[in-house]
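> 3D model of this:
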Amino acid sequence: MTLQQVLTEALEDEYKACAMYRKIIDKFGPVRPFINIVKAEEQHIAALIPLFKQYDIPIPEDNWDTRLKAPDTLREACQAGVDAEIENMAMYERLLSATQEANVAHVLSNLQAASRDNHLPAFQRCLERGEGYGQTEHGGKNARARRGRHGK
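Numbers count the residues shown, from 1 in each chain. You can find the predicted model right below:
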């Protein structure tokens, strides 16, 4: 694989994940873990872009928004997240074996670790909690009840 192929595949995968998690948020609201992980995917994209510039490789256009549809249920969305992160880790393993540039390998390794150590466990917890895991980034629909009547 060429460096361009490695970087393009990585960026396309991050674009795809970001677009899917946005679709899920659009459909189900700002639910966790999607609201947190979409921000992480945006950071992953931001980590890859400088490598394209450094090696004078054209940056592919992100057109994933029009190519994806959100799953029908939140449970299906959580399962899709698990599946996507497992595939993502395997992809990074393959791309790392094809990478000679130390700085590229460093970024890819960090992105793989984020999938393995953060994203996959979050989606697995999402699956375990099932359909009712609709907490928002601000504490969820029952946050006030948990804090008490006076918000404490």
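> what residue ranges in the chain score low on pLDDT?
For the chain, the stretches with pLDDT under 70 are 131-152.
> quick one, helices of it?
Ranges of helices in the chain, per DSSP state H, are 3-28, 34-54, 74-97, 102-114, 120-129, 143-147.
> please identify the deepest-packed of those helices.
When these are scored by mean count of other CB atoms under 10 Å, the highest mean neighbour count falls to helix 3-28 (a mean of 20). (Glycine included, C-beta is placed from N, CA and C.)
> ok, now which ones touch the residue sitting nearest the centre point of the chain?
The centroid of the chain falls nearest to E41 when counting by CA atoms, centre = their mean (4.4 Å). Shown in contact with E41 (CB atoms under 8 Å, 6 or more residues apart in numbering): 14, 17-18, 21.
> what's the closest non-adjacent residue to it?
C18 (3.9 Å; CB to CB, 6 or more residues apart in numbering).
> wait, doesn't the one you found sit right on I45?
Yes: counting by CB atoms under 8 Å, C18 sits close enough to I45 to count as a contact (6.5 Å).
> tell me, what's touching these two both at once?
The contact lists of C18 and I45 share D62, where a contact means CB under 8 Å, 6+ apart.
> now the residue nearest to E41: how far from A102?
Counting by CB to CB, to the nearest Å, the gap from C18 to A102 is 26 Å.
> same question, Q4
18 Å.
> who's in contact with V6?
So V6 contacts 95, 98-99, 104, 108 (CB under 8 Å, 6+ apart).
> again with A80
20, 71.
> for S109, which residues are in contact?
Counting by CB under 8 Å, 6+ apart, S109 has contacts 92, 96.
> neighbours of the closest residue to K16 other than its chain neighbours, how many?
In space, K16 comes closest to W64 once its chain neighbours are excluded; the distance is 4.9 Å by CB to CB, 6+ apart. The number of residues packed near W64 is 18, by other CB atoms under 10 Å.
> right, and W64 touches C18 too?
Yes: W64 lies in contact with C18 (CB under 8 Å); the separation is 7.5 Å.
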